[in-house]
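Novice: coordinates only, no sequence provided:
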């Protein structure tokens, strides 16, 4: 009976922990956990995330019950398994939102790193990339200039924000200031997508940013140009 009770407690401890950790098993990251002659764990890993996972694995091997209890304490769920005498600690943990704040910070750290550029950006590594990007959009735009706009003498300036991912693909295009003509606005967005994909980020940009937002004003006046 006592053994069965221990099994039930262990399962109730493990299930929520395993559910949140399942996504990690699909990762291609790997780590090596080596124990020396004294049983001390040594971790070799290519990334901090893999190393942290391996350290957690070693802690689970040595002190699984303590590790899982701490997990429940942090989430404010001790009373679910160990009885109402733990409700006070659970209430405090939930009031302080420790688990929620931890998840929010993790999501924040995993967000794309963004850099916002415009025509006044002068730092060379960004200016050079943006110049090549602008030249390609102008070239493609003039090859695909809307004939209806020429025929109807519809002209105007439209300001776009173009979000480019590190592989050169377009994450999204937003109209920040309309030309006042749907024909021009639609053509501007279409031209950006026709010009994609753009060059992948050079290593110095890729090391710092995942997405570049380029804001430019595009001038439709029987030909396509951009502010310099």
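Specialist: Arrived safely, thanks for sending. None of these values were measured; they are calculated from a predicted model.
Novice: check the gap between residue 62 and residue 40 for me.
Specialist: Relative to residue 40, residue 62 is positioned 10 Å away (C-beta to C-beta, to the nearest Å). No exception for glycine: its C-beta is placed from N, CA and C like everyone else's.
Novice: check residue 70 too.
Specialist: 21 Å.
Novice: ok, those two, which is more surrounded?
Specialist: residue 70 (13 against 9; other C-beta atoms under 10 Å).
Novice: quick one: list the elements packing against the helix or strand encompassing that one.
Specialist: Secondary structure assigned from DSSP states H and E places residue 70 in helix 48-75. With contacts taken as 3 or more C-beta pairs under 8 Å, 6 or more residues apart in numbering; DSSP states H and E, helix 48-75 sits against helix 2-21, strand 31-35, strand 41-45, helix 87-96, helix 98-109.
Novice: where does pLDDT dip in the chain?
Specialist: By pLDDT under 70, the weakly predicted segments of the chain are 1-29, 109, 228.
Novice: domain assignment for it?
Specialist: 2-109, 114-226 (automatic domain parsing).
Novice: so which of the ones you listed is the most packed in?
Specialist: domain 114-226 (a mean of 16; mean count of other C-beta atoms under 10 Å).
Novice: same for the following helix or strand past the helix holding residue 70, what does it pack against?
Specialist: Proceeding N to C from helix 48-75, the next assigned helix or strand is helix 79-82, under DSSP H and E. Applying 3+ C-beta pairs under 8 Å, 6+ apart, one finds that helix 79-82 contacts helix 2-21.
Novice: change it to 10 Å
Specialist: Here helix 79-82 touches helix 2-21, helix 48-75, helix 87-96, going by 3 or more C-beta pairs under 10 Å, 6 or more residues apart in numbering; DSSP states H and E.
Novice: residue 158 belongs to a helix?
Specialist: No. Counting by DSSP: H, G, I helix; E, B strand; the rest coil, one finds residue 158 to be strand, located in no helix.
Novice: which residues does it bridge with?
Specialist: Bridge pairing for residue 158 (DSSP bridges) gives the partners residue 218.
Novice: verify the stated contact: it with residue 174.
Specialist: No. Using C-beta atoms under 10 Å, residue 158 is not in contact with residue 174; the gap is 11.1 Å.
Novice: shared neighbours of those two, which are they?
Specialist: residue 189 (C-beta atoms under 10 Å, 6 or more residues apart in numbering).
Novice: could you check how far residue 162 is from residue 125?
Specialist: Per C-beta to C-beta, residue 162 is found 18 Å from residue 125.
Novice: then residue 199?
Specialist: 13 Å.
Novice: stretch 136-155: end-to-end distance?
Specialist: Distance across stretch 136-155, first residue to last, is 21 Å (C-alpha to C-alpha, to the nearest Å).
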